[in-house]
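Participant: all I have is the shape, not the residue letters:
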Ligand SMILES: NC(=O)C1=CN([C@@H]2O[C@H](COP(=O)(O)OP(=O)(O)OC[C@H]3O[C@@H](n4cnc5c(N)ncnc54)[C@H](OP(=O)(O)O)[C@@H]3O)[C@@H](O)[C@H]2O)C=CC1
Ligand SMILES: O=C([O-])CC(=O)C(=O)O
């Protein structure tokens with residue numbers, strides 16, 4: 001007998017709204033149960049076209065209404081969104097992966113209560129191969145991210161280091177360091193680097209370069225992995241969504257992830 005997972009969406013922006021619409025159109029094994037947004041009235045308006053309306057509630061009211069929460073909100077809200085679900089032994093799908101760093105207690109909470117945190121591949125690619133390689137020995141993981149300026153503006157790292165990118169004419173390397181350092185300096189831009197590090201050799205060994213490139217339209221990530229099982233490199237060129245910092249493929253990754261949760265055939269690691 002098919003049971004349907006009740007899905008809550010925390011954050012109704014570029015990712016959350018598209019996800020709500022996809023759930024309303026139908027993802028097998030999943031039912032949209034509730035959403036949360038900063039501006040409740042505006043959110044209710046955005047959802048007016050849904051076939052089956054759902055309540056718009058505060059973050060703290062989501063847990064009793066759902067089995068799974070999809071976090072697609074500003075990174076600072078991550079603990080408030082996922083803790084109630086983990087404490088109830090439920091599942092949290094996390095897009096603000098950078099905010100998991102330094103919050104290992106969330107994983108402990110999940111472990112203690114039988115809950116689960118799932119980080120989808122999101123705007124990246126190749127995490128299946130990285131996970132497989134990590135079962136052997138990975139010698140190095142390097143990622144190079146190139147973004148148009150509108151995909152980077154507002155990042156705290158730029159202000160803290162007096163880096164102005166608005167008027168650059170040539171590609172400019174604005175950051176070189178580890179995934180952990182990038183997550184702190186670019187909390188709305190580099191979740192993908194943290195997801196890569198969690199799949200592979202961790203946030204302190206995953207090396208990252210970030211370039212601002214005025215010639216680009218797409219957020220571009222290249223990953224290079226050297227392991228005892230294989231060497232591989234891959235590049236993804238993300239078409240921006242309504243939010244220039246967020247690739248269109250991000251919500252599709254979440255939809256695929258939810259579909260997989262209830263699927264009798266699961267492909268990929
Ligand atoms: N892992 C990955 O590969 C990727 C991760 N991300 C991350 O995913 C997250 C979502 O991205 P995106 O959809 O583009 O972001 P948006 O900025 O488009 O949307 C964020 C949403 O969060 C809502 N929000 C803000 N404050 C609250 C609150 N207090 N309670 C409830 N909701 C709130 C906003 O509400 P309102 O509309 O009312 O203002 C908005 O709807 C971001 O952290 C982003 O960095 C993005 C791309 C890829
Ligand atoms: O890393 C992110 O959070 C988003 C990103 O780069 C992209 O969408 O390409």
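Facilitator: Received, thanks. Just so you know, these numbers come straight off a predicted model, no measurement behind them. Ligands and ions are numbered 1, 2, ... in the order given.

Participant: is residue 206 in a bridge, and if so with what?
Facilitator: Residue 206 forms beta bridges with residue 141, as assigned by DSSP bridges.

Participant: that one contacts residue 134, doesn't it?
Facilitator: No: contact criterion C-beta atoms under 8 Å: residue 206 and residue 134 do not qualify, at 11.4 Å. For the C-beta atoms, the positions are set from N, CA and C on the backbone; glycine is no exception.

Participant: any common contacting residues for those two?
Facilitator: Residues touching both residue 206 and residue 134 (C-beta atoms under 8 Å, 6 or more residues apart in numbering) are residue 200.

Participant: neighbour count winner among these two?
Facilitator: residue 206 (27 against 19; other C-beta atoms under 10 Å).

Participant: so what's the more buried one up against?
Facilitator: So residue 206 contacts 141-143, 178-179, 193, 196-197, 200 (C-beta under 8 Å, 6+ apart).

Participant: as JSON lines, the residues you listed with neighbour count, secondary structure and pLDDT would be great.
Facilitator: Output for those, formatted as JSON lines (neighbours: other C-beta atoms under 10 Å; DSSP: H, G, I helix; E, B strand; the rest coil; pLDDT from 0 to 100):
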{"residue": "141", "neighbour count": "25", "secondary structure": "strand", "pLDDT": "98"}
{"residue": "142", "neighbour count": "15", "secondary structure": "strand", "pLDDT": "98"}
{"residue": "143", "neighbour count": "23", "secondary structure": "strand", "pLDDT": "98"}
{"residue": "178", "neighbour count": "17", "secondary structure": "strand", "pLDDT": "97"}
{"residue": "179", "neighbour count": "28", "secondary structure": "helix", "pLDDT": "96"}
{"residue": "193", "neighbour count": "29", "secondary structure": "helix", "pLDDT": "96"}
{"residue": "196", "neighbour count": "28", "secondary structure": "helix", "pLDDT": "98"}
{"residue": "197", "neighbour count": "27", "secondary structure": "helix", "pLDDT": "98"}
{"residue": "200", "neighbour count": "25", "secondary structure": "coil", "pLDDT": "98"}
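
Participant: now distance to ligand 2 too, for those residues, in JSON lines please.
Facilitator: Listed next are the contacts of residue 206 as JSON lines, based on distance: C-beta to the nearest ligand atom, whole Å:
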{"residue": "141", "distance to ligand 2": "15"}
{"residue": "142", "distance to ligand 2": "16"}
{"residue": "143", "distance to ligand 2": "10"}
{"residue": "178", "distance to ligand 2": "15"}
{"residue": "179", "distance to ligand 2": "11"}
{"residue": "193", "distance to ligand 2": "7"}
{"residue": "196", "distance to ligand 2": "10"}
{"residue": "197", "distance to ligand 2": "12"}
{"residue": "200", "distance to ligand 2": "16"}
